[in-house]
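> Here's my sequence, what's the structure:
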Amino acid sequence: MVALDSSHDIPAARARTERPHAGTVALFSVLISALIAVAAMNAVPDGVTPWAYAAEMVSRFALVLFVAAMVVEPVGRLIPIDATGAAARERPSLMFGFAFATAVSLGCLMAPVYFGTEKLAGPVTVYSALTGFIVLVLLSSSHPATKRFLGERAWRTLQRIATAYFWLAFSLILLDKAVGPHRPDNWPGIALLLLVGALLVRFVDTLVTHVRSPRVIVGSVAGKVA
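Predicted structure coming up:
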């Protein structure tokens, strides 16, 4: 669970002067997701329903945003340069973009039910409802006011729950596709590598942080004694 944590916060003074572009990223995420959905519905493989294929393609885009949001802060600390630092400050923006892309994917998945052309299976309905709820949790926890209202501990718990849920959900779905009888492309394997790689990056970041901490404390004490 440590590697799935939201990691360390950006210092408050730095966050106030360098605000992330959450609104802009969310808008572009919705636009790109819509374009992907339209393109997918016009290039549907045989035996696949258009809405389901659109939902799958948008979900792939959402997964890329999710992985990016997982690694930008750890990479910013492991490689402390201006470019990675600027990217790390956009983690809330990437999570916003991921949440909206996921919402578009769920909308495509539920569209046949809305239009009355299809009925979803029970597991798909449960997944859609639970994922929609977690998306709302993610969106609310990504807003700065939520942290001030709930407090540090409750806010971080919401972040952990949302991150862990989506990582596990993506992994289980991809594992099922990777070992299934029908594999239309290599995406499941590639996506699983991305998810595992993101977890490893966060683990290395946590390990390095713990290794560095005693040195910082010792150095601080030595400075005071001197």
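> So what touches stretch 62-70?
With contacts defined as C-beta atoms under 8 Å, 6 or more residues apart in numbering, stretch 62-70 is touched by 29, 33, 91, 94-95, 97-98, 101-102, 105, 163, 166-167, 170, 191, 194-195, 197-199, 201-202. (Glycine included, C-beta is placed from N, CA and C.)
> Can you pull up the most central residue in this structure?
Among the residues of the chain, the smallest C-alpha distance to the mean C-alpha position (C-alpha atoms, centre = their mean) belongs to Phe66, namely 2.5 Å.
> Narrow the contacts of stretch 62-70 to those that are buried.
Buried members of those, scored by 16 or more other C-beta atoms under 10 Å, are 29, 33, 91, 94-95, 97-98, 101-102, 105, 163, 166-167, 170, 191, 194-195, 198-199, 201-202.
> any low-confidence regions in the chain?
Regions of the chain meeting the criterion pLDDT under 70 cover residues 1-20, 22, 115-122, 141-147, 180-184, 214-226.
> any chance you could map the helices in it?
Along the chain, the segments classed as helices by DSSP state H run 12-17, 22-41, 50-78, 82-88, 91-115, 122-142, 144-150, 152-178, 187-225.
> List the buried residues in the third one.
In other words, helix 50-78. Buried residues in helix 50-78, counting neighbours by 16+ other C-beta under 10 Å, are found at 50-59, 61-63, 65-77.
> can you check the fourth one too?
Residues of helix 82-88 classed as buried: 84-85, 87-88 (neighbour count, 16+ other C-beta under 10 Å).
> Check stretch 35-46 too.
36-37, 40.
> Dump the C-alpha coordinates for that stretch into CSV.
Provided in CSV are the C-alpha atoms of stretch 35-46 (Å, rounded to 0.1, in the frame of the first residue of the first chain):
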residue,chain,number,x,y,z
LEU,A,35,-12.3,12.3,-30.3
ILE,A,36,-11.0,8.8,-29.5
ALA,A,37,-14.5,7.6,-28.9
VAL,A,38,-15.7,8.9,-32.3
ALA,A,39,-12.7,7.5,-34.1
ALA,A,40,-13.2,4.1,-32.4
MET,A,41,-16.8,3.9,-33.4
ASN,A,42,-15.9,4.5,-37.0
ALA,A,43,-13.2,1.7,-36.9
VAL,A,44,-15.0,-1.1,-35.1
PRO,A,45,-13.5,-4.6,-35.6
ASP,A,46,-15.9,-7.4,-36.5
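> who touches it?
Counting by C-beta under 8 Å, 6+ apart, 50-51, 53-58, 61, 104, 108, 184 sit against stretch 35-46.
> Let's see that with 7 Å instead.
Applying C-beta atoms under 7 Å, 6 or more residues apart in numbering, the set of residues contacting stretch 35-46 from outside is 50, 53-54, 57-58, 61, 104, 108, 184.
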